[in-house]
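*Asks:* starting from these lines, generate the structure:
(3 chains)
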Amino acid sequence: MPPRFPGLKQVPLPGGPKNTTYIIRDNYKRHMYAENEVARKALKYLAHNTSLPMKTRLEAQLQLHQMPHYTRPTEIKNRCIESGYGRSVIKEFRVCRIKFRELALKGELPGVRSSSW
Amino acid sequence: MSSRIPTPARLQELFRLQCFVFGKVHNPEAKRIGTKVLRESLKGPQIRNYYYPSKQILPTPAKLNKIFGNWTTVDPEEEHRLERNEYLRRKGKGAPKKLKEKKVIEKKRK
Amino acid sequence: MLSRSLASLAATTRFVGRRYSPALRFYSQSVDDTPVFSEKHLYPAANTFVQSSTTPVPATNRPIPLNVALTDVAVIRHPVIHGDKVAEITLASFMSTKDLDFYADFLLRAAFYLKIPAKGPTPLPRKYKKWTVIRSPFVQAKSKQNFERVTYRRVIKLYDANPEVVQILLSIANKYPLAGVGVKAVLYTNESAEVVDAMDLPSDFELENPLAINKVHLDAADGEVAHKVLELLKDPRFSEELVSEQVQEKSAKKPTEKPAKKDEQ
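*Replies:* Purely as a prediction, here's the structure:
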């Protein structure tokens, strides 16, 4: 199955138990963001500096827009590293609520216990 | 001793010196000059390493046996797969035979 | 284990070891046998072995060394003389406080042998982290389950010590970690006012950028992004108008000079 971002760099796949399409795509975006972070920040700085002439700011903003979509930080989503589920992911453990409950009841999350009060 | 309140000019001078000493951008009129973009720390590596690190690419036992001809390493997953296929075949539930191309041509003629 | 015979060896009484030890509560001694010993025995000369008063252990046929025997006794502390806080070591654990207290005791003993005055272990308030999660993988949001994680913490404060000695203590903690106990250290230093003379002055980074001195405010501390900004400004698409603006500014200044020359002529 060819990748959704064709003709582009090979990025190492995550080594987790499951590699869904969504995980592979999100992982690619993360790598691409990390590569282009400095360039994006520099362009953003030029675009936001009101003391610069209008043309410079506009040029910076245009270049920022023309950068490929997979370099944008807003497109990155925290997914569950075990199941690839995109919703209800707990940041501390990077796992979705379903997997969190499974692992917690097994005892595989250090210190986590079911509470009642 | 009367209390001396510093003049605005003196306070401005102090602010300018503070910015110089502590390596900050001096912007007394609070213009939007994009310093906050530069102030943000780079978080690329942290974001990139969200998922599990990629698995080591190791040679399979079959390949190892081929490289070192006298080795007899066993791949348990492969053994299990072969055993399972044999079990299904014995039951009569194995994989179906592959269709030959001739049949497809015959259908077209018809 | 330790008897009064050791006290007789002591020339001057300095350290008194109290029998009660929170780390080894299962050692119950009915006889009041508080040992007293001098610095000479606790800090012996190099390549000497200080013998405790115990009889040889049958297994090894050797007596127990003093520092091992002292584990039966509460931690001995050096008095704080100057009150100059040097470090704060925070121990944290998700599990019960047994291991935490034991490790704190271990670090305090290590601090004693390094002659660091230490205070602690003071417990910090417990931290609770809670999560509420839907039980089912699909709908049924009415039935949930609560999970929690408690963090227990202890603080050990070190005073008056040389920073190198503190580093030795931290390296001991690094070398002998206890599973389930996290260690964090905050180190405090004081510098004299002359430190400023040795520091580099803030670099004139802006002068390296001849195109836009007043418009682009960069500092050496901004690092990679600042360098990238300067690289981009070399591109004529960005710098065209900047350069023309600067040329206009310069030409605006020039007319003030000319009339003076004309008058001279």
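*Asks:* switch to C-alpha atoms for all contacts and neighbour counts from now on
*Replies:* Will do.
*Asks:* mind listing the helices for chain B?
*Replies:* For chain B, the helices defined by DSSP state H occupy B:8-21, B:35-39, B:44-48, B:61-67, B:76-91, B:101-109.
*Asks:* so can I have JSON lines of these showing mean pLDDT?
*Replies:* Shown next, in JSON lines, are these (pLDDT from 0 to 100):
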{"stretch": "helix B:8-21", "mean pLDDT": "88"}
{"stretch": "helix B:35-39", "mean pLDDT": "86"}
{"stretch": "helix B:44-48", "mean pLDDT": "95"}
{"stretch": "helix B:61-67", "mean pLDDT": "91"}
{"stretch": "helix B:76-91", "mean pLDDT": "95"}
{"stretch": "helix B:101-109", "mean pLDDT": "62"}
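*Asks:* C:Leu233: which of the ones you listed is closest?
*Replies:* C:Leu233 lies closest to helix B:35-39 among the helices of chain B, at 15.8 Å (Cα to Cα).
*Asks:* quick check, the residue in chain A closest to chain C?
*Replies:* A:Ser114 (4.2 Å; Cα to the nearest Cα).
*Asks:* contact partners for that residue?
*Replies:* Each residue near A:Ser114 by Cα atoms under 8 Å, 6 or more residues apart in numbering or on different chains is listed here: A:Ala104, A:Leu105, C:Gln145, C:Asn146, C:Phe147, C:Glu148.
*Asks:* so which helix or strand takes in C:Thr98?
*Replies:* Just to correct that, residue C:98 is Lys rather than Thr. Element membership of C:Lys98 [criterion: DSSP states H and E] is helix C:97-113.
*Asks:* please name the bridge partners of C:Val181.
*Replies:* Taking DSSP bridges as the rule, C:Val181 bridges to C:Ser93.
*Asks:* what count of nearby residues applies to it?
*Replies:* 20 (other Cα atoms under 10 Å in any protein chain shown).
*Asks:* with A:Met67 instead?
*Replies:* Around A:Met67 there are 13 residues (other Cα under 10 Å).
*Asks:* do the same with B:Asn85
*Replies:* 14.
*Asks:* neighbours of the residue of the stretch 51-200 of chain C found nearest chain B, how many?
*Replies:* Here the stretch 51-200 of chain C gets closest to chain B at one residue, C:Val196, 10.2 Å apart by Cα to the nearest Cα. Neighbour count for C:Val196, taken as other Cα under 10 Å: 10.
*Asks:* next one: C:Ala226 from chain A, what distance?
*Replies:* 7 Å (Cα to the nearest Cα, to the nearest Å).
*Asks:* in a strand, that residue, correct?
*Replies:* No: per DSSP: H, G, I helix; E, B strand; the rest coil, C:Ala226 lies outside any strand segment and is helix.
*Asks:* of all the residues in the longest helix seen in chain A, which ones are buried?
*Replies:* Of all the segments of type helix in chain A, defined by DSSP H, the longest one is helix A:21-48. For helix A:21-48, burial by neighbour count (16 or more other Cα atoms under 10 Å in any protein chain shown) applies to A:23-34, A:37-48.
*Asks:* give the next helix or strand downstream of it.
*Replies:* helix A:54-66.
*Asks:* tell me the SS of the closest residue to A:Ile24 other than its chain neighbours?
*Replies:* With sequence-adjacent residues excluded and distances taken as Cα to Cα, 6 or more residues apart in numbering or on different chains, A:Ile24 is closest to A:Leu13, at 6.7 Å. Here A:Leu13 is recorded as coil under three-state DSSP.
*Asks:* need phi/psi at A:Leu13.
*Replies:* Phi and psi for A:Leu13, reported as degrees, to the nearest 10, are phi -80, psi 150.
*Asks:* shouldn't it be in contact with B:Ser54?
*Replies:* Yes: applying Cα atoms under 8 Å, one finds A:Leu13 in contact with B:Ser54, separated by 5.7 Å.
*Asks:* more neighbours: which of the two?
*Replies:* Taking other Cα under 10 Å, A:Leu13 and B:Ser54 do not tie; A:Leu13 has more neighbours (17 against 12).
*Asks:* for chain A, which residues are neighbours of chain C?
*Replies:* Residues of chain A lying close to chain C (Cα under 8 Å from any Cα of the partner chain) are A:38-39, A:41-43, A:45-46, A:49, A:51-53, A:55-57, A:59-60, A:97-98, A:101, A:110-116.
*Asks:* list the beta-bridge partners for C:Lys129.
*Replies:* Beta-bridge pairing of C:Lys129, defined through DSSP bridges, involves C:Arg149.
*Asks:* surely C:Ile89 is in a strand?
*Replies:* Yes: judged by three-state DSSP, C:Ile89 forms part of a strand.
*Asks:* tell me the contacts of it?
*Replies:* So C:Ile89 contacts C:Val155, C:Ile156, C:Lys157, C:Leu158, C:Val183, C:Lys184, C:Ala185, C:Val186 (Cα under 8 Å, 6+ apart).
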